[in-house]
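S.K.: Below: sequence and its predicted model.
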Amino acid sequence: MKRISRAAALAAMMLAAGASARAADNMPPAQYQVLSREILKQLIEINSTHANGSLVAAQAVARRALDAGYAAADVTVLAPPDHPTKGNVVIRLRGKGRGKPLLLIGHLDVVEANPRDWTTDPFQLVEKDGYFYGRGTEDMKGDDTLVLTAMIRMKQEGYVPDRDIIAAFTADEEAGGDADGVQWLFAAHRDLVDSDLVLNTDGEGGWLKNGQRYFVGVETSEKLYATFELETTNKGGHSSLPRPDNAIYQLTAGLQKLAAYQFPLRLTDTTRRYFTEIARLKSGPESADMLALVGPAPEAAAARLSRDPVQNAQLRTTCVATMLRAGEGESALPSRAHATVQCRLIPGETPEQTQATLERVLGDPGIHVSVDGPIDPSPETPLTAEVQTRFRKAVDSMWPGVPIIPDMAAGASDSVFARLAGEPSYVSSGMFTDIDDVRDHGRDERVGVHAFYEGGEYVYRLLKVMAERP
Ligand SMILES: [Zn+2]
């Protein structure tokens with residue numbers, strides 16, 4: 001044991017006491033910690049995968065709001081008539097009517113989880129080693145819980161915001177979705193979700209790096225999701241008499257060219273800001289390369305950064321072959337070969353432009369390229385000074401000085417439907433997670449217990465700040 005002086009020991013004790021007092025300031029009142037844990041447990045233990053739907057979860061959320069004192073008229077459970085199990089619930093906290101409401105969106109559905117892959121039961125809330133485990137803890141029943149708890153706390157405290165605060169908990173955001181709740185509410189029940197500012201807590205938020213607070217990310221845009229089908233056809237024949245023309249060889253020759261192709265560097269307002277600001281948190285060649293991206297000759301730096309798939313996705317449109325089907329029988333020359341190519345487009349690029357690029361790269365008019373389904377454009381929501389200031393105020397009240405950095409999601413979220421409906425939308429989770437250990441959609445999904453409770457206090461403060469009118 002190391003000997004320390006009395007004075008040093010006293011100072012250390014005071015420091016520890018001060019630190020824990022500060023940490024306690026960042027926690028919600030005990031009753032709301034208990035409540036949020038109960039709600040999280042309830043939601044995790046309602047299986048709301050695509051096959052099961054989210055109606056039961058929506059009803060549970062509604063019951064909580066009603067029990068907390070919300071009027072029945074301000075709690076609406078609803079599902080599309082042709083998808084009755086895809087339940088949504090919309091809760092409205094009445095304000096002073098100063099302008100359009102603030103809207104919170106969060107999905108209630110989760111992706112499947114195979115219990116055999118997990119070390120805990122994915123549909124039970126398990127607290128272990130300082131974490132809550134369960135499917136949806138990170139994506140996104142943890143965040144739903146924090147928003148619902150904040151809505152309940154504001155109601156019980158008699159808080160009346162300047163404008164209404166609406167929280168919509170919705171269906172079918174995840175893959176396979178055919179009744180996306182946000183899309184449907186905007187199309188069929190606009191009056192329930194009409195707002196001029198949308199917060200979506202489905203995504204990254206606070207990041208930890210080596211246990212330290214790194215930055216708070218605010219997604220202002222996302223890449224556009226577009227799937228293309230590639231097809232070759234051939235007159236076929238008997239496999240005993242092969243010819244040079246062959247539907248499989250023709251298609252795969254094109255795919256090899258696509259594999260070797262890299263779409264051009266394309267930065268947006270958001271990614272320029274992202275790289276400039278994230279560079280300050282880094283050092284050495286990586287930081288220099290990020291700064292060079294916004295300089296006069298970015299190509300060499302972009303090429304080095306692109307070796308990392310995560311950075312590459314920020315720098316350009318990507319397209320990748322994900323499925324292949326071909327041939328009719330083992331002794332028949334194939335009359336058809338078919339590939340699915342999945343693309344994520346930088347905002348501003350159109351599917352038509354991407355298709356033209358694919359056709360040029362494939363370099364074979366015999367490979368027929370078509371786009372799969374209607375493509376929703378994905379406009380960017382600029383991070384305005386006003387919104388940045390509001391985030392700053394909420395973050396500084398909890399964690400003074402932690403950087404707030406706008407970024408673009410490589411994946412897709414429900415914010416695209418809010419933006420399409422003309423409502424600016426920002427995506428930012430209330431919880432800090434480890435940037436090197438993201439588990440959403442994966443096995444042993446989890447959130448830190450402390451990060452969860454602390455996130456509850458942050459979301460409560462953030463909602464109040466965002467709802468303020470000058
Ligand atoms: Zn999600």
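M.R.: All right, it came through fine. Remember, it's a predicted structure, so these values are computed and weren't measured experimentally.

S.K.: ok, residue 427 to the ion distance?
M.R.: 10 Å (C-beta to the ion, to the nearest Å). For the C-beta atoms, the positions are set from N, CA and C on the backbone; glycine is no exception.

S.K.: Ok, residue 304 next?
M.R.: Relative to the ion, and taking C-beta to the ion, residue 304 is found at 31 Å.

S.K.: Contacts only, for that residue.
M.R.: For residue 304, the contacting residues are 285, 289, taking C-beta atoms under 8 Å, 6 or more residues apart in numbering as the criterion.

S.K.: Equivalent analysis for residue 93, please.
M.R.: Each residue near residue 93 by C-beta under 8 Å, 6+ apart is listed here: 70, 74, 151, 154, 155, 159, 161, 164, 165, 166, 167.

S.K.: Throw the residues you listed into CSV and include neighbour count, distance to the ion and secondary structure, thanks.
M.R.: CSV is the format used below for the contacts of residue 93 (neighbours: other C-beta atoms under 10 Å; distance: C-beta to the ion, whole Å; DSSP: H, G, I helix; E, B strand; the rest coil):
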residue, neighbour count, distance to the ion, secondary structure
70, 19, 25, coil
74, 16, 26, helix
151, 25, 19, helix
154, 19, 24, helix
155, 19, 26, helix
159, 15, 28, coil
161, 20, 26, coil
164, 21, 25, coil
165, 26, 21, strand
166, 22, 19, strand
167, 23, 16, strand
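
S.K.: Can I get these in JSON lines including pLDDT and distance to residue 445?
M.R.: Converted to JSON lines, the contacts of residue 93 look like this (pLDDT from 0 to 100; distance: C-beta to C-beta, whole Å):
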{"residue": "70", "pLDDT": "98", "distance to residue 445": "30"}
{"residue": "74", "pLDDT": "98", "distance to residue 445": "32"}
{"residue": "151", "pLDDT": "98", "distance to residue 445": "24"}
{"residue": "154", "pLDDT": "98", "distance to residue 445": "28"}
{"residue": "155", "pLDDT": "98", "distance to residue 445": "30"}
{"residue": "159", "pLDDT": "98", "distance to residue 445": "32"}
{"residue": "161", "pLDDT": "98", "distance to residue 445": "33"}
{"residue": "164", "pLDDT": "98", "distance to residue 445": "33"}
{"residue": "165", "pLDDT": "98", "distance to residue 445": "28"}
{"residue": "166", "pLDDT": "98", "distance to residue 445": "28"}
{"residue": "167", "pLDDT": "98", "distance to residue 445": "23"}
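
S.K.: Go through those residues and name the one nearest residue 187.
M.R.: When the contacts of residue 93 are ranked by distance to residue 187 (C-beta to C-beta), residue 166 comes first, at 16.6 Å.

S.K.: from memory the closest one sits against residue 92, does it?
M.R.: Yes: between residue 166 and residue 92 a contact is recorded at 5.1 Å, counting by C-beta atoms under 8 Å.

S.K.: What parts of the protein come near the ion?
M.R.: Contacts of the chain with the ion, taken as C-beta under 5 Å from the ion, map to 139, 140, 202.

S.K.: Most neighbours among those residues, please name it.
M.R.: Neighbour counts for the residues of the chain next to the ion were taken using other C-beta atoms under 10 Å; the highest belongs to residue 140, which has 28 neighbours.

S.K.: Distance of that one relative to residue 200?
M.R.: For residue 140, the distance to residue 200 equals 9 Å [C-beta to C-beta, to the nearest Å].

S.K.: same thing with residue 237?
M.R.: Applying C-beta to C-beta, the value for residue 237 to residue 200 is 54 Å.

S.K.: One more: residue 304?
M.R.: 33 Å.

S.K.: same thing with residue 111?
M.R.: Applying C-beta to C-beta, the value for residue 111 to residue 200 is 17 Å.

S.K.: Same drill for the two, tell me which one is more crowded.
M.R.: residue 200 (25 against 17).

S.K.: so who does that one touch?
M.R.: If a contact means C-beta under 8 Å, 6+ apart, then residue 200 has 104, 105, 106, 413, 414, 415, 418, 425, 426, 427, 428 as its contacts.

S.K.: One more pass at 6 Å, please.
M.R.: 105, 415, 425, 427 (C-beta atoms under 6 Å, 6 or more residues apart in numbering).

S.K.: Closest approach to the ion from the stretch 51-200 of the chain, which residue is it?
M.R.: Across the stretch 51-200 of the chain, the shortest distance to the ion (C-beta to the ion) belongs to residue 139, at 4.1 Å.

S.K.: what sits against that residue?
M.R.: Applying C-beta under 6 Å, 6+ apart to residue 139 gives the contacts residue 440.

S.K.: where's it relative to residue 48, distance?
M.R.: In this structure, residue 139 and residue 48 are separated by 12 Å, where distance is defined by C-beta to C-beta.

S.K.: quick revisit: could you export the residues of the chain next to the ion to CSV, including columns for distance to residue 453?
M.R.: Formatted as CSV, the entries for those read as follows, by distance: C-beta to C-beta, whole Å:
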residue, distance to residue 453
139, 19
140, 17
202, 20
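
S.K.: For the residue most central in space within the chain, which non-adjacent residue is spatially closest?
M.R.: The central residue of the chain, meaning the one whose C-alpha is nearest the mean C-alpha position (C-alpha atoms, centre = their mean), is residue 203 at 3.0 Å. Taking C-beta to C-beta, 6 or more residues apart in numbering as the measure, residue 203 lies nearest to residue 427, with 4.0 Å between them; neighbours along the chain are not counted.

S.K.: Can you report how many residues lie near the one you found?
M.R.: Residues near residue 427, counting by other C-beta under 10 Å, number 26.

S.K.: Any idea what it is bridged to?
M.R.: Residue 427 has the following beta-bridge partners by DSSP bridges: residue 200, residue 219.

S.K.: Go ahead and confirm it touches residue 415.
M.R.: Yes: in terms of C-beta atoms under 6 Å, residue 427 counts as a neighbour of residue 415; the distance is 5.3 Å.

S.K.: and residue 431, backbone torsions?
M.R.: phi -110, psi 150 (degrees, to the nearest 10).

S.K.: What of residue 59?
M.R.: The main-chain torsion angles of residue 59 are listed as degrees, to the nearest 10 and equal phi -70, psi -40.

S.K.: Repeat that for the one 4 residues further on.
M.R.: The phi and psi torsions at residue 63 (degrees, to the nearest 10) take the values phi -60, psi -40.

S.K.: same deal with residue 264?
M.R.: The phi and psi torsions at residue 264 (degrees, to the nearest 10) take the values phi -70, psi 160.
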